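> Give the three-dimensional model of this entry:
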Amino acid sequence: MHISFINYSIELQSWEDKQSMMLFLTTCENGHLLFEEEYQQQFHSVTVFLDHSRSNRLGIGVCAEKHGLVPQLLLQPEHSRLVLGFNSVIVGIRVPVGELDFRLNLDSLFYSFWPLYDKNILLVIHEIGVLALSPSGQILWSFSRDVITKVDVIEDRIQLEFIDSPSINLNVVNGSVEL
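Okay, the predicted model is just below:
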């Protein structure tokens, strides 16, 4: 199955080992990017087909730890960007050039993306907190406390519940604590 993205199509693939993934990535005509961490237990690739003949490909490889969390891909067609979250890292990649827009290290394991399109903010949920990013990938604010058990966004507030700390509400625009 392919995912439509601007004028391109994207294919996601998992690999048994790094060597197989690397053999594939080196065949991508428009080059490839590789993101790897110290512990490499799962291997995934994103292939961006840059034309309808499928002869021009950009490859992106991810070597991730295995925590029960699978890497996630967020499409940002308005910025011609793919955003990947894995381990405790998020990266923004410009398409079709395959350039790294940003790379951010999180305080803990990446959980999920939560785009707030009406506010032009991307929330990045990680194990112990939340990060808010601008459209350019700049950090607007950050909040960390305890292991998160539940996240909800209602109007202009983020409601966070934790394992060992009281629940809290944050303003989505500036990250301030609200009562």
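> quick one: terminal-to-terminal distance for stretch 137-150?
24 Å (CA to CA, to the nearest Å).
> now what about it, what contacts it?
Identification of contacts with stretch 137-150 by CB atoms under 8 Å, 6 or more residues apart in numbering yields 92, 101-102, 104, 107-108, 111, 121, 125, 127-134, 159-165, 168, 170, 173-175. For every residue, glycine as well, the C-beta is placed using N, CA and C.
> Show the buried residues in these.
Among the contacts of stretch 137-150, the ones that count as buried by 16 or more other CB atoms under 10 Å are 92, 101-102, 104, 111, 121, 125, 127-133, 160, 162, 168, 170, 175.
> Okay, and which of the residues you listed map to strands?
Those of those mapping onto strands are 92, 101-102, 104, 111, 121, 125, 129-133, 160, 162, 168, 170, per DSSP state E.
> how about stretch 6-23: buried residues?
Buried-residue list, stretch 6-23, by 16+ other CB under 10 Å: 8, 9, 10, 15, 18, 21, 22.
> cool, and stretch 47-64?
47, 48, 49, 50, 57, 58, 59, 60, 61, 62, 63, 64.
> And stretch 41-48, by the same measure?
By neighbour count on 16+ other CB under 10 Å, the buried set for stretch 41-48 is 42, 43, 44, 45, 46, 47, 48.
> Which pair of the ones in strands among the buried ones among the contacts of stretch 137-150 spans the longest distance?
Taking every pair in these and measuring CB to CB, the maximum separation is 31.3 Å, between 101 and 162.
> And the buried residues of stretch 41-48, which is the shakiest by pLDDT?
For the buried residues of stretch 41-48, the weakest pLDDT value sits at residue 42, with 91.
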